[in-house]
Each structure stands twice: as structure tokens, then as C-alpha cells.
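J.: can't give you the sequence, but here's the structure:
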């Protein structure tokens, strides 16, 4: 309602208005809001060129949670091992989730991935994820299906036929290779366009430039990913103790 808090749908309309080049006043008129509300919303969430409705909505949720008394928060603060500050851990998980969302992951998928990254056990069941995130098992199942399809989580058999989910050290290598393969498809498609549109024509030249750029970047990324994997997975050789060294 006018004067109330902006909803996620309101923020989506703001993003669409910005994409269409509308002035703040026009966006405000369409939402029946004060222009100052729209201006403040956009400027505190990336500005007119960096505004994203999902990230803006999540940032607002986080600010609301920080202001809300601990007793009124939905999820109880879980005691932390190793003497960690439970509130600091929760805040870090929120920050990590927001960064994951900025990279393109949907909100729930980002939350699940962050859970798997920050658990000491190394893996979690669907029930454990649901309990930690305070969501339904069906929501976790949907998120895991998405992440598994993207190669971002691994599955392992657990007790009582319950699958456990984890992220391993090769996660980002596989993710990078998947990105490189998608990049290669773009290169191939762009070069198909060159043949269709006629080599040397303005449109074909534009597509050829796209193909050359992506081809160069893809090769560089693949080389760097392979080198990083080799370097980071190589364990340093054990050096003998002084007592084991041969006497000259």
C-alpha cells in the first residue's frame, strides 16, 4: 500500500523502470509512492546502473533482522563450536549468501551452498539443511537438484539411506570448466552467424569479433584453471628433520 514498505514486486518494477530509462518520478507515480522513496531505494542499493531487485530486497531483510530483537527472530541462534561468536557466524553467512546471489545464484541455492561451505562436519543431510535454514524439505530438495545439475554439490551415501551433500576442493574447477564449455558454445554459434550473414558484412564482422574475444578469453581461462588446479593440489614435499639429516 502507498507509504508502506516496498515489496519484492515493487522492487522488480523499479528495476524494470530503470532498465527502460524511466525517471524516478515516473517510477514513483506508477507505484503510487513518493519520489524520495524510489530515489533512496535506488541510491542505497547500487545506483541506477547497479540496482538489482533481488539483492535490494535481501539487503533490506538483513537490515530488518539486525534491528529486530533476538527474541523475535524466527530462527534460534545455534550454539557454535570452537568458541565462535554465533551472531558473527550468522552475519557472515548472510554476507556470503548475498555475494553468491550477486554472482547469479538464486537466493535459496546460495543459502544451501553457504551452509555446506561453513559446516565443520564437511557434509549435511537434507534434514540438517532444512533445520538450519528453517525451510521445508521440499525447498531443500529443489535447491539441491539445481546445485547438483550445475555441478556445485556432490552426493554421498549416509546412514539409513540418507544422502549427504558436500562441496569438495574441485568445485570451482568444475564450475570454471562448465563456464568455459558454455563459452565455447557461444563462440561456435557466433561463427555460425558469420557464415549465415556473409563474411565481411557489418553484422558478420561484429559476430566474428565476439567469437574472437570469447575464444581468447576461454583459452586463457582454461589454461589458468588447469594451472591453478595443478599448483594448489600439489602437496609440499616433506623435509627431513635435522636429526634425520645425514652428517657431513
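T.: Yep, that arrived. Small disclaimer: the values here were computed from a predicted structure and weren't measured.

J.: just the helices in the chain please.
T.: 8-19, 24-31, 35-43, 47-50, 53-67, 86-102, 107-118, 126-133, 137-149, 171-197, 202-233 (DSSP state H).

J.: which of these comes out lowest on mean pLDDT?
T.: Mean pLDDT values for the helices of the chain show the minimum at helix 53-67, a mean of 77.

J.: how about that helix: buried residues?
T.: 53, 54, 55, 56, 57, 58, 59, 60, 65 (16 or more other CB atoms under 10 Å). All C-beta spots, glycine's among them, are computed from the backbone N, C-alpha and C.

J.: what does stretch 165-180 give?
T.: 165, 166, 167, 171, 173, 174, 176, 177, 180.

J.: reformat those as JSON lines; add distance to residue 186.
T.: Putting those into JSON lines (distance: CB to CB, whole Å) gives the following:
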{"residue": "165", "distance to residue 186": "31"}
{"residue": "166", "distance to residue 186": "31"}
{"residue": "167", "distance to residue 186": "27"}
{"residue": "171", "distance to residue 186": "23"}
{"residue": "173", "distance to residue 186": "21"}
{"residue": "174", "distance to residue 186": "19"}
{"residue": "176", "distance to residue 186": "16"}
{"residue": "177", "distance to residue 186": "15"}
{"residue": "180", "distance to residue 186": "11"}
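
J.: how near is the residue nearest to the spatial centre of the chain to residue 152?
T.: Closest to where the C-alpha atoms of the chain average out (CA atoms, centre = their mean) is residue 100, at 2.3 Å. Note on residue 100: its distance to residue 152, by CB to CB, to the nearest Å, is 10 Å.

J.: which neighbours do those two share?
T.: 109, 113 (CB atoms under 8 Å, 6 or more residues apart in numbering).

J.: domain-wise, how is this protein divided?
T.: Taking automatic domain parsing as the criterion, the chain consists of the domains 8-58, 83-166, 171-233.

J.: give me the distance between the longest one and the centre of its chain.
T.: So that's domain 83-166. 12 Å (CA atoms, centre = their mean, to the nearest Å).

J.: stretch 196-213 too?
T.: On CA atoms, centre = their mean, the centre of stretch 196-213 falls 33 Å from that of its chain.

J.: go through that stretch and flag the buried ones.
T.: 197, 204, 207, 208, 210, 211.

J.: now swap in stretch 118-131 and tell me
T.: So for stretch 118-131, counting by 16+ other CB under 10 Å, buried means 123, 124, 125, 126, 128, 129, 130.

J.: for the fifth one, what are its contacts?
T.: Translated: residue 128. No contacts exist for residue 128 under CB under 8 Å, 6+ apart.
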